[in-house]
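Enquirer: Quick one: sequence plus predicted model below, questions after.
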Amino acid sequence: MQSWLALVLLLANFGFFQPQAPGTSKIEIIGMGVESYHFGEKISFQAQLTHPEQVKEVFLFLEPSGEQPRTEKITPPLDGQVKYDYDLAQKPVRSFSTVTYWLQVISTNGETVTNPKQNLNYEDNRFTWQSLDTGNLQIRWINGDRAFGQAILNAAQRGLHSAESLLPAAIPNPTRIYVYPTATDLQGAMLDQLSWVAGHAIVDLGTITISVAPGPEQDYDLDRQIPHELMHILAYQVAGEGYQRLPQWFTEGLASLAETNPNPDYQSALTQAVDTRTLIPMASLCNAFPQDASGAFLAYAQSASFVRYIYQKNGTTGFQKLISTYQNGLGCEEGVNASLGGSLEQFDHRWQQEVLGVDTASLALQNLAPYLISGLLLLALPLGFGLLMRQKSKKNQVSLSKEDA
């Protein structure tokens, strides 16, 4: 009995069995989670706090993948029931990202209580998605039956084989493909999307969104769009954070090259541009494409043809050298020179000559003609003025000679 008493006294000396003073019970966060969310509108969070009379401050923390953390201050609830709507219209979260969230409570005596972090997969829940998963690929679609889902998967597997043959790498696990029935539905999910864009790759999330409707044209559209976007993800896997430094003509040309059913209208666009002398200098396509649909289409056509030309001359090794060079921080034009042994302008001229049949020397002379004419005029004016003054001087001398006679 004495030994038990001694043990109790020893534990008491270390703080065990000491009753807490009234009003100092530890706050607990119970049932923290997402009650519901409406895509593009709001996320509704809820939690229950014990001992609400001791709560001084409440904070909600959110970390959407690939974005800066956000902090929301919540008015401490008198009844301990936390209800908070995060406004997605005012503070958007990237579509299809993973949102990590947690609650932090500070008590009146300065203690901090935090619940374990939780995740929300911020998927477009305006629609009911059907699913088909295999290996690294997760297929999601809205309209169409199981056969349509299988067609999407088949196109993805063909596209992955095509992309990997150009740039050997592995896609992330999982890689998600969302297929909307219309471009309008897609643009409602990707808020910064241009009206003419039918597909998009969220490269750091391993997510693809495209718009293809079930029907006779579905296989053509799937074989064009899915490989294109898969190549963007593959290029990101190789380049990492350096992906943002890759020239746009390179990333889009590479993606177009991966298409298992290329756009047949690209060639006619190139032919027309050659005939009308409206080709865009490749150096102008380093950082951005034209915003209008027709200008962008020509930029895509040129990039696809130009990158194919680089592939024919340098193979996959040329692509890997370009990516490595841009990862090291060189600019668009410097990167071509360092990795391929020639300037971007030189490659542009050779591509136009060898692929498009453009006589670049004659074209350059024609482009310089206005400047040459202006230069000749500038030279001719003082020469003509000088000749005129010499003739006038001679006439004056003749007149003086006659007067002397």
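Expert: That came through fine.

Enquirer: mean confidence for stretch 167-181?
Expert: Across stretch 167-181, pLDDT averages out at 96.

Enquirer: Let me know how buried D87 is, in neighbour terms.
Expert: 11 (other CB atoms under 10 Å). From N, CA and C alone the C-beta is placed, and that goes for glycine too.

Enquirer: wait, isn't it in contact with K42?
Expert: Yes: the pair D87 and K42 qualifies as a contact (CB atoms under 8 Å) at a distance of 5.9 Å.

Enquirer: where exactly do the strands run in this structure?
Expert: 29-38, 42-49, 55-64, 70-74, 81-87, 98-107, 112-114, 118-121, 130-134, 137-141, 175-180, 199-202, 207-211 (DSSP state E).

Enquirer: Which neighbouring elements make contact with the fifth one?
Expert: In this structure, strand 81-87 makes packing contacts with strand 42-49, strand 55-64, strand 70-74, judged by 3 or more CB pairs under 8 Å, 6 or more residues apart in numbering; DSSP states H and E.

Enquirer: Tell me which of those strands sits most buried.
Expert: strand 42-49 (a mean of 19; mean count of other CB atoms under 10 Å).

Enquirer: contact partners of it?
Expert: Outside of strand 42-49, the residues within contact range by CB atoms under 8 Å, 6 or more residues apart in numbering are 27-37, 55, 58, 60, 77, 80-89, 93, 99, 101, 103, 105, 115, 120.

Enquirer: quick one, which of the strands of the chain is nearest to E217?
Expert: strand 207-211 (12.1 Å; CB to CB).

Enquirer: Show me what the closest one packs onto, helices and strands only.
Expert: strand 175-180, helix 183-189, strand 199-202, helix 218-239.

Enquirer: Let me see the mean pLDDT of that strand.
Expert: 96.

Enquirer: ditto for stretch 71-90
Expert: pLDDT averaged over stretch 71-90 gives 96.

Enquirer: who's the nearest residue to I177 once chain neighbours are set aside bridged to?
Expert: In space, and not counting its chain neighbours, I177 is closest to I208: 4.7 Å by CB to CB, 6 or more residues apart in numbering. Counting by DSSP bridges, I208 is bridged to I177, A201.

Enquirer: isn't I208 right up against M231?
Expert: No: between I208 and M231 there is no contact under CB under 8 Å: 10.5 Å.

Enquirer: Apply the buried test to the contacts of strand 42-49 and list what passes.
Expert: 27, 29, 32, 34, 37, 55, 58, 60, 77, 80, 82, 84, 86, 88, 93, 99, 101, 103, 105, 115, 120 (16 or more other CB atoms under 10 Å).
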